[in-house]
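**Q** sharing a model prediction with you, sequence too.
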Amino acid sequence: MKVKPYQEVWENILGQIPDTANPVLETFSSTGLAEIGQIITYTNLTRDKVNRALERMESQGLLRDFGRPIPRPDKRGSPPAVYLLTDTGARVLHSLGHPQARASGLIEDLVILHRLAMTDIHLAAVKAGLAIRTDKTLKFEEDIVRPDHLITLPNGELLLFEIEQAASTATLRRIVDSLQNKQDFFASKPNALPEVRMILQLPRGGKWDRTLKTWVKALGVVQEKAKGQLNFRLFAIPRTEFLDAPDWGSERKLSWREVRPPQKAAEVQDALELVPQIFLNRTSQEDRLVLKALWQDFIENVKPAQDQRPRPDPEFFQIIHLIHSASHDINLPLIDQAAMPYASLYLMKKYLIMRKLDGVVKGALHRGARDTRWNITTINHRMQAVINAFLNAHGWRSDGLLSVYAKVSDWENTNSRVFDVKVTIKSAEILMSRDDLVVPSKSEIMEIELALSWALWSLFEYSGDLGLGRINFW
């Protein structure tokens, strides 16, 4: 019988490191990736032995180094290397009795961060001798749910665990969809404990609190859609606290924080009533509820009071992102994505009024307009003056680590904007609040750049809708 190439490779590795090869490779069977610390914890091998095994397997093509570190949001210090399973490694694991093993072709930092936490939980459960299914679908009625982890309790009941990162209004719609899926699942009365345990890759603190506020709002959307009746409870705990003393039982022993839907206080309800019907009437019920939650978050986070000399605050970018996402979320129905951005314009108008910026921007827009001869140069100059006025009012300048300038499209540009606003964030650290441990990814930076570019461009394109008056050079 002919020996397959991957079998020959594996036999060669076994000949070199017979005692360590199997346990090290099996660490990758559930998620397809792992850090050296996870391998050491799971196998009880020394760091030297693990390093030697990784070198052999990487040189033989069973594993590959991801090539850059992935910082954990809840862990200080230099992050270790991340290794990913290859097709050859997956074939070897299949032959060793792990048919679920899959090669990892992941490239996004956030996705890899999520999978690393899944590896943490899976290995901890296996080490505790528990039956765990990781990233497997579970059918109910005519639908499916796909929890990150599914534990089978001693009494046969199922317990769902989910891994989550920092959340904000930008991820609100995805969170609502996830919770709605759980709501439908538990409505089918499965043989499962009616709760979801959420493990957050965040330490307790400001970002933890802001993340849970987003989940509270999302849970409120699901509850309102269900006419007040939730079919499950949601609990959260930091990843590091859970791993220190894993809590698998039906009775919770650790300091889990229950995430409850918001209490409908009178002031919040009054705020929600201000949401304009012009864009609520154009959306489905679920979109309408999400927009209400966005509006509530907007009311809570926008601080009208300003110092005489404002200082730059990373929260500025989050608010601008919130305003932009109200109409430009990629999860919106396509017809809404193609429509006028009513929701974003309404929030932008309210923001200008609440921060007392409407007068500042209006003055910069119309100063000396009657005496000016408009051409490309003067229009560009006026746009830059308005941009600078808006940013300066928030304590930012346009020619520093945040670069913002007005531009004219060239002849080959297919964009419909003749005049545009170019935003470049030269250092991701200006987006970070004090309790942030992880620098934002390139995709997150691009989202903020796009949101701020649109917000500034809207001051010209939609000046009338924003209450700034019609500008005669646009």
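**A** Arrived safely. Residues are numbered from 1 along each chain as shown.
**Q** then the strand or helix carrying Gly359 to PDB, C-alphas only?
**A** Using DSSP states H and E, Gly359 falls within helix 358-366. Presented in PDB, the C-alpha positions along helix 358-366 are these (Å, rounded to 0.1, in the frame of the first residue of the first chain):
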ATOM      1  CA  ASP A 358     -24.400  74.800  14.500                       C
ATOM      2  CA  GLY A 359     -23.500  78.500  14.800                       C
ATOM      3  CA  VAL A 360     -19.800  77.800  14.500                       C
ATOM      4  CA  VAL A 361     -20.200  75.800  11.400                       C
ATOM      5  CA  LYS A 362     -22.800  78.100   9.900                       C
ATOM      6  CA  GLY A 363     -20.500  81.100  10.400                       C
ATOM      7  CA  ALA A 364     -17.600  79.300   8.700                       C
ATOM      8  CA  LEU A 365     -19.800  78.300   5.800                       C
ATOM      9  CA  HIS A 366     -21.200  81.700   5.000                       C
END
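**Q** in it, what counts as buried?
**A** Asp358, Val360, Val361, Lys362, Ala364, Leu365, His366 (16 or more other Cβ atoms under 10 Å). (C-beta placed from N, C-alpha, C; glycine too.)
**Q** quick one, helices of the stretch 151-300 of the chain?
**A** 172-187, 206-225, 239-244, 266-273, 277-280, 285-301 (DSSP state H, counting those that start in this stretch).
**Q** closest one to Ile376 among these?
**A** Shortest distance between Ile376 and the helices of the stretch 151-300 of the chain, using Cβ to Cβ, is found for helix 277-280: 34.3 Å.
**Q** kindly provide the distance from Val404 to Ser433.
**A** Separation of Val404 from Ser433 (Cβ to Cβ, to the nearest Å): 21 Å.
**Q** between these two, which one's more packed in?
**A** Neighbour totals were compared for Val404 and Ser433, and Val404 leads with 23 against 13 (other Cβ atoms under 10 Å).
**Q** what about the more buried one, which SS state?
**A** For Val404, the assignment made with DSSP: H, G, I helix; E, B strand; the rest coil gives strand.
**Q** run through the residues that contact it.
**A** Applying Cβ atoms under 8 Å, 6 or more residues apart in numbering to Val404 gives the contacts Ile387, Leu391, Ser398, Val421, Lys422, Val423, Thr424, Leu452, Leu456.
**Q** tell me the one among those residues nearest to Lys292.
**A** Looking across the contacts of Val404 and measuring by Cβ to Cβ, the closest to Lys292 is Leu452, at 24.7 Å.
**Q** chain neighbours aside, what residue packs nearest to Pro79?
**A** Nearest residue to Pro79, sequence neighbours excluded (Cβ to Cβ, 6 or more residues apart in numbering): Pro69, at 4.1 Å.
**Q** and that neighbour, what's its pLDDT?
**A** On the pLDDT scale, Pro69 is placed at 85.
**Q** helix, strand, or coil at it?
**A** coil.
**Q** I'd like the distance between it and Ala103.
**A** From Pro69 to Ala103 the distance is 21 Å (Cβ to Cβ).
**Q** for the record, mean pLDDT for stretch 329-348?
**A** What stretch 329-348 shows for mean pLDDT is 86.
**Q** gap between that stretch and the chain center?
**A** On the basis of Cα atoms, centre = their mean, to the nearest Å, stretch 329-348 sits 20 Å off its chain's mean C-alpha point.
**Q** dump it to PDB, restricted to CA.
**A** Extracted C-alpha coordinates of stretch 329-348, given in PDB (Å, rounded to 0.1, in the frame of the first residue of the first chain):
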ATOM      1  CA  ASP A 329     -24.500  50.000   8.400                       C
ATOM      2  CA  ILE A 330     -23.700  47.200   5.900                       C
ATOM      3  CA  ASN A 331     -26.300  45.000   7.700                       C
ATOM      4  CA  LEU A 332     -29.100  47.400   6.700                       C
ATOM      5  CA  PRO A 333     -31.500  46.200   4.000                       C
ATOM      6  CA  LEU A 334     -30.100  47.000   0.600                       C
ATOM      7  CA  ILE A 335     -33.000  49.400  -0.200                       C
ATOM      8  CA  ASP A 336     -32.200  51.400   3.000                       C
ATOM      9  CA  GLN A 337     -28.500  51.500   2.100                       C
ATOM     10  CA  ALA A 338     -29.500  53.000  -1.200                       C
ATOM     11  CA  ALA A 339     -31.900  55.600   0.300                       C
ATOM     12  CA  MET A 340     -31.200  59.100   1.600                       C
ATOM     13  CA  PRO A 341     -29.300  58.900   4.900                       C
ATOM     14  CA  TYR A 342     -32.200  60.300   7.000                       C
ATOM     15  CA  ALA A 343     -31.100  58.700  10.300                       C
ATOM     16  CA  SER A 344     -27.500  59.900  10.000                       C
ATOM     17  CA  LEU A 345     -28.600  63.400   9.000                       C
ATOM     18  CA  TYR A 346     -31.000  63.700  11.900                       C
ATOM     19  CA  LEU A 347     -28.400  62.600  14.400                       C
ATOM     20  CA  MET A 348     -25.800  64.900  12.800                       C
END
